[in-house]
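>>> I'd like to go over a predicted model; first the sequence, then the structure.
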Amino acid sequence: MATALQNTRMLLRRTLSVKKNEILARNICFTSTLKSKKDEGTLKKDDEAKEVAAKNAKQKEAKAKLNMLLEAMSKESQKAFPAESELALATPKFVKKNKPLKTKLISTKIDSEMLQAVENVSKTFSKENEELKKNLIAKLESITDESEVARLEPFKPDKQKTADLNSLLNTLKVDVKKPKKKAPESHLAAVKIDNVYGADPSGIFRNANFKEESGTVSKLTTWEILYQKELELLATQPPSNGFQQMILWTKQGKVWQFPIDNEQGLEEEAQVGFHEHVFLEPYLKPWCPRRGPVRHFMELITVGLSKNPYLTVAQKKEHINWFRNFFDAQRSILIETGAIPDVPSKSPPSLSA
Amino acid sequence: MATTIMNRLFNIPSLICQNAAQLLKNGANNAVKLDQPVRNNWTDWRMIKDNKRRKLLVQHAPDRLRMQAIKKNDILPAEIIEIGQKMLEQLPRDSGITRVRNRCAITSRPRGIVTRWRLSRIVWRSLADYNKLSGVQRAMW
């Protein structure tokens, strides 16, 4: 809280200094006018010397005025004071804005909050509370009185002051840049973190007991599905015009690509050679007898399949295998009718035996 | 209304078998509401039935082809052919291609369909007049 005290001191000084500046300015102005009147009545040498002296004086006065005004205007003088406190306390280090205290206080009595602040300041800063408190309270009270007086009086723009200011500004051509409006910084935002992982863990949550959601809570699956759908819908915008629709379809692959290729979408099948489609006899070889009605039938089947361009090779194999299984199931009937030669099989089950 | 409700009740076992996948899906609400009309995206019931037939057709097409091949040949012994015949009969009737009817996709009209667009001639004509069919122009020669 040393900074707070220093800040209050600075503020008090500034408010007082403004008055001092005004007083000084007035005095300087008066003295310069008085001097100029005197110069007229003296001898030439004296005139010259006095003119030179007057010029120098004026320059000095102008410089002095400048400095005063700049001091009053400048807001950066606070940087001279260290922003971080010497005490290692875990409090946010906020930068007090340069507002005069008049705007806060309303009544002649100091606010209870102000009193509390005064107390806090005095506590943290030193153990000799009473003296500090009294001093601070006295200063605050004086300020409140001044502000009350100022409030009660109607505001009259001091022409002298404005004239001085104007003259000075004109001579100096001060470029007053518009101060960039910073976003209203919250007290928390001003914490300067150099190394995020450098500090020790605070251990706030060491003894925390986070309750997990019980697994017995019945899930509303339909609701969750719908929620997910809604999220997707919110994220994706539907196409606003035909162009966007076509773009979307092209990306999805729904649109014909020019020049039109009749086999669009069948690129995988195109890589399969014709020999695999046409030569299906090897699939008959392991099981089908070389002669007989079964062979005749299967030959017809394979001829038909080989001529079929619309089926994949896998589908054709599937057909042949189905027939194999079927004839295997009807083996007894086939033997009875004489379609298959009746030989006791040593080899693995095949119709050719 | 009573007949439709009874239909729904009687068809439940077969419906369960057919739509087992959907029923067992997690989160699907399969409660049958008997007090309100069933809502769907089809024009009419005939369209729905036609759609079912098409699905069954696709499902059983390979089996049907093989069994037909066995049935419609004179090379294999008669017993085998008979067996093939019976197997074919076991398949659902709606899996036959002759049962599928090309209906209008919008109005479900069974006749007067323009095949390429799957629309009835009336709908086709109205769309063509509003220039919604690519390359279609009023004939004039």
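Cool, the structure landed.
>>> tell me the residues of chain B that contact chain A?
Within chain B, the positions near chain A by CB under 8 Å from any CB of the partner chain are B:26-29, B:62, B:65-66, B:69-70, B:73, B:75-80, B:83. Just so you know, the C-beta spots here come from the backbone N, C-alpha and C atoms, and that holds for glycine as well.
>>> which residues sit in contact with whatever residue of the stretch 101-250 of chain A ends up closest to chain B?
Residue nearest to chain B within the stretch 101-250 of chain A: residue A:221 (3.3 Å; CB to the nearest CB). Neighbouring residues of residue A:221 by CB atoms under 8 Å, 6 or more residues apart in numbering or on different chains: B:26-27.
>>> ok, now how distant is residue A:135 from residue A:118?
Per CB to CB, to the nearest Å, residue A:135 is found 10 Å from residue A:118.
>>> more neighbours, those two?
residue A:118 (23 against 12; other CB atoms under 10 Å in any protein chain shown).
>>> okay, now the unreliable bits of the stretch 1-150 of chain A?
A:1-47, A:74-87, A:89, A:93-109, A:126-129 (pLDDT under 70).
>>> wait, I meant chain B
In chain B, residues with pLDDT under 70: B:1-5, B:7-12, B:15.
>>> residue ranges of the helices in it, please?
Remark: helices assigned in chain B by DSSP state H are B:2-10, B:12-18, B:20-24, B:45-71, B:78-90, B:121-129.
>>> so which of those helices is nearest residue A:274?
helix B:45-71 (22.3 Å; CB to CB).
>>> any chance of TSV for the helices of chain B, columns distance to residue A:247 and mean neighbour count?
Output for these, formatted as TSV (distance: least, CB to CB, whole Å; neighbours: other CB atoms under 10 Å in any protein chain shown):
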stretch	distance to residue A:247	mean neighbour count
helix B:2-10	45	10
helix B:12-18	39	11
helix B:20-24	34	10
helix B:45-71	31	16
helix B:78-90	49	15
helix B:121-129	25	15
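>>> make JSON lines from those and add distance to residue A:196 to it.
Shown next, in JSON lines, are these (distance: least, CB to CB, whole Å):
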{"stretch": "helix B:2-10", "distance to residue A:196": "65"}
{"stretch": "helix B:12-18", "distance to residue A:196": "60"}
{"stretch": "helix B:20-24", "distance to residue A:196": "51"}
{"stretch": "helix B:45-71", "distance to residue A:196": "60"}
{"stretch": "helix B:78-90", "distance to residue A:196": "73"}
{"stretch": "helix B:121-129", "distance to residue A:196": "65"}
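>>> domains for chain B, by residue range?
Segmentation of chain B into domains, based on the TED database, reads B:43-101, B:102-132.
>>> how far does the longest one sit from its chain's centre?
Its chain's C-alpha centre lies 13 Å from the corresponding centre of domain B:43-101 when counted by CA atoms, centre = their mean, to the nearest Å.
>>> likewise the last one?
The chain centroid and the centroid of domain B:102-132 are separated by 18 Å under CA atoms, centre = their mean.
>>> for the nearest residue to residue A:312 once chain neighbours are set aside, report the pLDDT, please.
The shortest distance from residue A:312 to any residue other than its chain neighbours is 6.2 Å, reached at residue A:269 (CB to CB, 6 or more residues apart in numbering or on different chains). On the pLDDT scale, residue A:269 is placed at 90.
>>> number of nearby residues for residue A:269?
Count around residue A:269 with other CB under 10 Å applied: 13.
>>> that one: what secondary structure?
What DSSP: H, G, I helix; E, B strand; the rest coil gives for residue A:269 is helix.
>>> quick revisit: need the domains of chain B in TSV (columns: distance to residue A:334).
Output for the domains of chain B, formatted as TSV (distance: least, CB to CB, whole Å):
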stretch	distance to residue A:334
domain B:43-101	7
domain B:102-132	41
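>>> quick one: which of the ones you listed is nearest residue A:151?
When the domains of chain B are ranked by proximity to residue A:151 (CB to CB), domain B:102-132 comes first, at 77.6 Å.
>>> how about the closest one: buried residues?
Applying a neighbour-count criterion of 16 or more other CB atoms under 10 Å in any protein chain shown, one finds B:103-104, B:106, B:108-109, B:113-114, B:117, B:119-120, B:123-124, B:128 buried in domain B:102-132.
>>> tell me how far whatever residue of the stretch 1-150 of chain A ends up closest to chain B lies from residue A:194.
Closest approach between the stretch 1-150 of chain A and chain B, counting by CB to the nearest CB: residue A:92, at 49.0 Å. Separation of residue A:92 from residue A:194 (CB to CB): 16 Å.
>>> is it true that residue A:160 lies in a strand?
No: applying three-state DSSP, one finds residue A:160 to be helix, outside a strand.
>>> and for it, the neighbour number?
12.
>>> so for it, what's the pLDDT?
pLDDT recorded at residue A:160 is 86.
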